[in-house]
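Novice: Based on what follows, work out the 3D shape:
(one chain, ligands or ions: 1)
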Amino acid sequence: MEQIEICNRIGGLTARELDALSAGAPAYFYERAKINGRIAELRAALPEGLKLAYSLKANPFQPLVHLLLGQLEGADVTSYAEMVSALNAGVAAQDIMFAGPAKKPAEMRAAVAMGVGMCVESLREMRALAEIGRDLGRPARVLLRLNPEFTLKGAAMRMGGAPTQFGLNSDDLPAVWEILADPMLQFTGIHIYWGSQCLSESAIEEAQATSVDLIESLAPHFPRAPEILNLGGGFGIPYFAKDTPLDLPLVGQNFRPLHARLSGGFPQADIYLELGRYLVGEAGTYVSTVVDRKISHGVEFIVTDGGMHHFLAASGNLGQKIRRNYPICVIPTEERPSGGDMQDYQIVGALCTPIDLLGHRLSGPGIEVGDKIGIRCAGAYGKSSSPLDFLSHPHPGEFIV
Ligand SMILES: Cc1ncc(COP(=O)(O)O)c(C=O)c1O
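Specialist: Residues are numbered from 1 along each chain as shown. Model prediction:
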């Protein structure tokens, strides 16, 4: 059985201070020191000169976007709003990469006007961008998003090597080179995204190596030297008890010769990795308050004022086949040491549905009404990925602490 830890402070704040800051409401707390620490670890492990982009989809909270983009070289965006957020955070347009299927004409127009790099997902999109470029009198900057011909077992979410709505396939390439002859398209580089939430160093290395091979094999067709080579990211974080954290120094060591090959072959190109959850996921804790305790058929329920409407992923995404617990802690109203008698608990939210389950079959210390429950690994795909209006409760707060 997994354990609920006692954690007396989050980001240095006690339960009472967290409560005061969030005005008594459920909230996400993102720890600045952890984010800065993660950036420092990446810089130390990865090759010098490598550029890092933040994928805003992981967490679009604007103050967090500012914190990250003030320290990283670029931004990976997938909507007009994310693009504007990155521009507002001060990222130069040429360091923004705009990916995603079904880009709307108005989004593409804004991006081309600003000089944002468009990661093209289809031939139709390329043609549309050329027309927008003609209309604006300014060529569209185009990165070819390639759907790689490989798939990786190590990634929890695979985005290559299979039929997908993302990217250009190898059989599109003859048409791609033809369309790229349009002077209103400026070939800017390559974007390859093979998957997410990978905890295998060797799978990451294999994906990166195959991506570098692919880029080198296509180079003779490039109409001009690429400015950007974006190899995706996919670095995972340990959400569940059996997950082992990535050995980041090993990932960096494996990547070094590949990075050297690319920077040697394409000296004028910025080589990028784009990361979301690895930068912010472990820095976040979702905190709600215990409002009731009850026993039903011999099972002790801890009822909180939060729930799946605020943090869908922690509840199991509307019903996983095997439900797994995110790391959970109790932040007691009065600070106390770890240990003491343990009990078994179910932790549930405020919604009127049995799937509003935040912690299943957990063992924990005494938990009282008024204590706070913290769910870790809440910095990515939390608030913005949740059905916030489901059952019409208030939305959670967000704070950087
Ligand atoms: C194209 C692309 N880039 C970046 C990401 C960010 O992934 P992660 O948060 O796992 O780093 C995703 C996630 O789906 C993606 O699709």
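Novice: who's in contact with the residue of the stretch 1-150 of the chain found nearest the ligand?
Specialist: Distances between the stretch 1-150 of the chain and the ligand by Cβ to the nearest ligand atom are smallest at Ser55, namely 3.8 Å. C-beta coordinates here come from the backbone N, C-alpha and C atoms, glycine included. Taking Cβ atoms under 8 Å, 6 or more residues apart in numbering, we find Ser55 in contact with 76, 233, 274-276.
Novice: so which of those also contact the ligand?
Specialist: 76, 233, 274-276 (Cβ under 6 Å from any ligand atom).
Novice: Quick check, the residue in the chain closest to the ligand?
Specialist: Counting by Cβ to the nearest ligand atom, the chain gets nearest the ligand through Gly276, at 2.5 Å.
Novice: hang on, isn't that residue packed against Pro60?
Specialist: No. Using Cβ atoms under 8 Å, Gly276 is not in contact with Pro60; the gap is 10.3 Å.
Novice: Settle it for me: which of those two has more neighbours?
Specialist: When neighbours are counted by other Cβ atoms under 10 Å, Gly276 and Pro60 differ, and Gly276 comes out ahead with 24 against 17.
Novice: which non-adjacent residue is nearest the more buried one?
Specialist: In space, and not counting its chain neighbours, Gly276 is closest to Ala58: 2.8 Å by Cβ to Cβ, 6 or more residues apart in numbering.
Novice: give the contact list for the one you found.
Specialist: 276-277, 279-281, 379-381.
Novice: Most widely separated two among the residues you listed?
Specialist: Within these, Leu279 and Tyr381 form the most distant pair, 12.4 Å apart (Cβ to Cβ).
Novice: So if I had to pick from the two, which one is more boxed in?
Specialist: Leu279 (30 against 24).
Novice: neighbours around the closest residue to Gly12 other than its chain neighbours, how many?
Specialist: Nearest residue to Gly12 in three dimensions, chain neighbours excluded: Val401, at 6.9 Å (Cβ to Cβ, 6+ apart). Residues within reach of Val401, counting by other Cβ under 10 Å, total 17.
Novice: swap in Cys352?
Specialist: If we define neighbours as other Cβ under 10 Å, then Cys352 has 8 of them.
Novice: before we move on, what about Leu136?
Specialist: Counted with other Cβ under 10 Å, Leu136 comes out at 13.
Novice: That one: what's it in contact with?
Specialist: Taking Cβ under 8 Å, 6+ apart as the test, what Leu136 contacts is 109, 112-113.
Novice: Which one (most neighbours) among these?
Specialist: Highest count within those by other Cβ under 10 Å belongs to Val112, 25 neighbours.
Novice: That one reaches Ile132, doesn't it?
Specialist: Yes. A contact is recorded between Val112 and Ile132 when judged using Cβ under 8 Å, the distance being 5.0 Å.
Novice: Does the closest residue to Ala86 other than its chain neighbours lie in a helix or a strand, and which?
Specialist: Closest residue to Ala86 apart from its sequence neighbours, by Cβ to Cβ, 6+ apart: Ala75 at 3.8 Å. Element membership of Ala75, judged by DSSP states H and E, is strand 74-77.
Novice: Pull out the buried positions in the following helix or strand past that strand.
Specialist: Going down the chain from strand 74-77, the next helix or strand is helix 80-88, by DSSP H and E. Buried residues in helix 80-88, counting neighbours by 16 or more other Cβ atoms under 10 Å, are found at 80, 82-83, 85-87.
Novice: And for stretch 272-287?
Specialist: 272-287.
Novice: returning to what we had before: partners of the residue nearest to Ala86 in the sheet?
Specialist: Beta-bridge partners of Ala75, counted by DSSP bridges, are Tyr54, Ile96.
Novice: Next one: the residue nearest to Gly12 from Phe311, what distance?
Specialist: 17 Å (Cβ to Cβ, to the nearest Å).
Novice: Checking Glu300 next. Helix, strand or coil?
Specialist: strand (DSSP: H, G, I helix; E, B strand; the rest coil).
Novice: residue contacts, the nearest residue in space to it that is not next to it in sequence?
Specialist: Spatial nearest neighbour of Glu300, excluding adjacent residues (Cβ to Cβ, 6+ apart): Tyr345 at 5.3 Å. Under the criterion of Cβ under 8 Å, 6+ apart, the contact list for Tyr345 reads 4, 300-302, 359, 362-364, 367.
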